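> Need a 3D model of the following:
(one chain, ligands or ions: 2)
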Amino acid sequence: MSEENKSRRIRIFDTTLRDGEQSPGCTMNLRDKLLVAETLESMRVDIIEAGFAIASPGDFESVKEISKVVKGAVVASLCRALEKDIDCAWEAVKGAANPCLHTFIATSPIHMAAKLRMTPDEVYSQAVAMVKHARNLCPNVEFSLEDCSRSERPFIYRVVEGVIEAGAGVVNIPDTVGYAMPDEFAALIRDIFSNVPNIGRAVVSVHCHNDLGVAVANSLAAVEAGAGQVECTINGIGERAGNASLEEIVMALKTRHEFFGAHTGIDTTKIYSASRCVCNVTGSKVQANKAIVGENAFAHEAGIHQHGVMANPLTYEIMTPESIGLLRNKMVLGKHSGKHAFGQRLEDLGFHFDEARVEELFSKFKDLADRKKTVSDADIEALAHDVRTGASGNVSLDRFSVIASNVITPVSTIRLNVNGELQEKVADGDGPVNASFHAICEILGVKCRLEDYQLSAVTEGMDAQCEANVRVRFKDRAFHGRGVSTDIIEASIQAYLQAINTAMDAGAESIA
Ligand code: KIV
Ligand code: ZN
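Ligands and ions are numbered 1, 2, ... in the order given. Next up, the predicted model:
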């Protein structure tokens, strides 16, 4: 028997599309969500939490669509422990090959008194009744005790026992506010195993937030204490300081396999492309020194380190870049490269396109290669993500023209294709980008506030492509958009249009 077969198999429950999407500005449109779901499935995560179906019509639609396409993972929808939430979540996930209803209620004194205004007995009865209701619809039910780490032990044991009796197959123990410390959280998990008589009939899951920077440490401590499932997100995105990061947990379990005596089913070679995919669709970048997927995670700067790594990579590398899908010693691609080498590089970077898409991208690649000596992976990723997410929505740019100088007020003329009809407006502004954004808002009759605007070069060099990322606030939500072009104004317009398309898809209302 292999070492892996002897060790415990830890299930990975990914909540990038639900808790991750709850981070400010990380709102994704349906196409983005399908793309992330497809990436998670190809990484072989066990459960994909596709959304919170009752939260909005857009959330419902995306949970439903993800449920239709994902075959290789369980698809879950979050729902409060309320009949209407559970029924709505079931409508959204029932088409999945393996559906799951994930229902929750808060169990801490502060949440029960201040938020729910319910007594512990009422919370207990509601939890048990709603798990029974969910089980009547779906064979796979997970129950979460929100704010569990600040709940009282006897009440935790009572609720956990009750919901298992009612049919929950997974009981999730969240550190909702990121308050627990690793030893303390591990003790909680051990105590649950020792004090809940029917605990052997359920999988114990953990869900940690990163407010004090210990979400991954808490999750790993819980695995050591016996937890069989970890909830996490790509790049650790999520509410406030985020959730435990999937890549850190998975690589810790792989690299320190003997220490934990546990393994996951994740194809770790998909980690890097999944991280890039989430950065691209949310516009939320990871810091350079982020463990596993940061730009510097495998870079060796100091001479003594470089010397060691050249002599033997194990001197300073505890895992290889290849193990997360980062390729070393790749062929350089340029204008003489053929379609085969280009198509292979797309595959290596985690993009699986049909022939027609590869053809379309190859001609864009050739245009770019005419302008640049070598085309880097970052350039290819930028092109590929543009093909996948760039042209979404009912509104697209037909043409633009700007007049800008430091002596006259900049003016932009924008022509958009709005549901097949060409519409044009001229507007001025503080600069050419500002003028273009004004013209777009006038054509579409929307009012929104630009909360964040960032321009960066995809690679170094004068001939680099430029990437624009914007975050635009509508009445009660913010939306992200991204555009790539060798022209900074065009990249900015594309990014702004993508954010507005996403907002319109989500039915967002203009600000007053
Ligand atoms: O943080 C939390 O408690 C949650 C639950 C709904 C699982 O996200
Ligand atoms: Zn959470």
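> for Asp463, helix, strand, or coil?
coil (DSSP: H, G, I helix; E, B strand; the rest coil).
> I'd like to know how far it sits from ligand 1.
Distance, Asp463 to ligand 1, by C-beta to the nearest ligand atom, to the nearest Å: 45 Å. The C-beta positions use only the backbone N, C-alpha and C, and glycine is treated the same way.
> Below-threshold pLDDT in the stretch 201-350 of the chain: ranges please.
301, 328-331 (pLDDT under 70).
> What ranges does it have for its strands?
203-208, 229-232, 262-263, 333-334 (DSSP state E, counting those that start in this stretch).
> and the longest one, does that touch ligand 1?
Yes - in this structure, strand 203-208 sits against ligand 1 according to C-beta under 6 Å from any ligand atom; the contacting residues are His207.
> Okay, buried residues for stretch 338-352 please.
Buried residues in stretch 338-352, counting neighbours by 16 or more other C-beta atoms under 10 Å, are found at 342-343, 345-346, 348-351.
> Of those, just say which sits nearest to ligand 1.
The nearest member of those to ligand 1, counting by C-beta to the nearest ligand atom, is Gly350 at 27.4 Å.
> Next up, the contacts around that closest one.
Applying C-beta atoms under 8 Å, 6 or more residues apart in numbering to Gly350 gives the contacts 39, 42, 270, 272-274, 276-277, 325.
> Go again with 6 Å.
Ser273 (C-beta atoms under 6 Å, 6 or more residues apart in numbering).
> related to what we said a few turns ago, out of the buried residues of stretch 338-352, which sit inside helices?
Residues of the buried residues of stretch 338-352 located in helices (DSSP state H): 342-343, 345-346, 348.
> In the stretch 201-350 of the chain, what residue lies closest to ligand 1?
Closest to ligand 1 within the stretch 201-350 of the chain is His207: 5.0 Å, counting by C-beta to the nearest ligand atom.
> Test my guess that that residue contacts Pro174.
Yes - between His207 and Pro174 a contact is recorded at 4.0 Å, counting by C-beta atoms under 6 Å.
> which one of the two has more residues nearby?
His207 (28 against 24; other C-beta atoms under 10 Å).
> Write down the beta-bridge partners of the more buried one, one by one.
With beta bridges defined as DSSP bridges, His207 has these partners: Pro174, Glu231.
> Surely Val206 is in contact with Ala225?
No - applying C-beta under 6 Å as the test, Val206 and Ala225 come out as separate, 9.1 Å apart.
> So those two - more neighbours on which side?
Comparing Val206 with Ala225 by other C-beta under 10 Å, the one with more neighbours is Val206, at 31 against 20.
> List, one by one, the residues from the protein near ligand 1.
19, 78, 104, 144, 146, 172, 174, 176, 207, 209.
> Would you mind giving those as TSV with distance to Gln494 added?
As requested, these are exported to TSV (distance: C-beta to C-beta, whole Å):
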residue	distance to Gln494
Asp19	29
Leu78	32
Phe104	39
Ser144	39
Glu146	39
Asn172	40
Pro174	38
Thr176	38
His207	36
His209	34
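> Which of those residues fall in helices?
Using DSSP H, none of the residues of the chain next to ligand 1 sit in helices.
> So of those residues, which two are at opposite extremes in space?
Across the residues of the chain next to ligand 1, the longest distance by C-beta to C-beta is 15.1 Å; it joins Leu78 and His209.
> Next, find the distance separating Thr320 from Val45.
22 Å (C-beta to C-beta, to the nearest Å).
> These two: who's more crowded?
For Thr320 and Val45, the more surrounded residue by other C-beta under 10 Å is Val45, and the numbers stand at 30 against 12.
> A strand includes the more buried one, no?
No - under the criterion used here (three-state DSSP), Val45 is coil, not part of a strand.
> wouldn't it be in contact with Ile10 here?
No - contact criterion C-beta under 6 Å: Val45 and Ile10 do not qualify, at 11.6 Å.
> Overlap in contacts, the two.
Going by C-beta under 6 Å, 6+ apart, no residue sits against Val45 while also sitting against Ile10.
> returning to what we had before: pipe the buried residues of stretch 338-352 into CSV and attach distance to Ser436 per row.
Below are the buried residues of stretch 338-352 laid out as CSV (distance: C-beta to C-beta, whole Å):
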residue, distance to Ser436
Phe342, 32
Gly343, 35
Arg345, 33
Leu346, 31
Asp348, 36
Leu349, 31
Gly350, 33
Phe351, 30
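> Cool, thanks, signing off.
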